[in-house]
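>>> this one's sequence-less:
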């Protein structure tokens, strides 16, 4: 088994082969106990893991494309493309996006998001200091 070095504040990095064997990912909780003079790490789940849906080959390809597009959208919303229907369906089925929010990720919606981003960057917007100021501006239209 690989070794892990204890750091000044008592931190250790669990080696990747051990994390893989235990199914541990960043953010997971573990219980550490001492049993018979040995430290024992027990993965803890606050909620049971959701069953992984079976995806067809086409859905897997759509999911791979969706992952790339979602990463690009998170990086630069103004210059990225939204998902197709098939990509959004696969991403929702796999739990990558919330099914009731899939509309937001679609290209048809993202066109509007890009327009808003361009307007903001170009200064084509107005800010208000209070709800009353906003309401007055709306009534003046």
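That came in fine, so what should we check first? The shown structure was predicted, so the numbers you read here are calculated from the model rather than taken from an experiment. Residues are numbered from 1 along each chain as shown.
>>> Tell me which residues are up against the longest helix seen in the chain.
In the chain, taking DSSP state H as the definition, the longest helix is helix 57-75. By CB atoms under 8 Å, 6 or more residues apart in numbering, the residues outside helix 57-75 that reach it are 55, 80-84, 86-91, 93-94, 96-97, 105, 110. To be clear about C-beta, it is placed using only N, CA and C from the backbone, and glycine gets the same treatment.
>>> got the angle for the helix or strand just after that helix vs helix 57-75?
As assigned by DSSP states H and E, the chain's next helix or strand after helix 57-75 is helix 85-94. Interaxial angle, helix 85-94 versus helix 57-75 (axes from the mean of the first three to the mean of the last three CA atoms, to 10 degrees): 90 degrees.
>>> Can you mark which positions in helix 85-94 are buried?
Residues 87-94 are the ones in helix 85-94 that count as buried (16 or more other CB atoms under 10 Å).
>>> ok, now stretch 23-43?
residue 24.
>>> Do a quick rundown of the strands in this protein.
29-35, 38-44 (DSSP state E).
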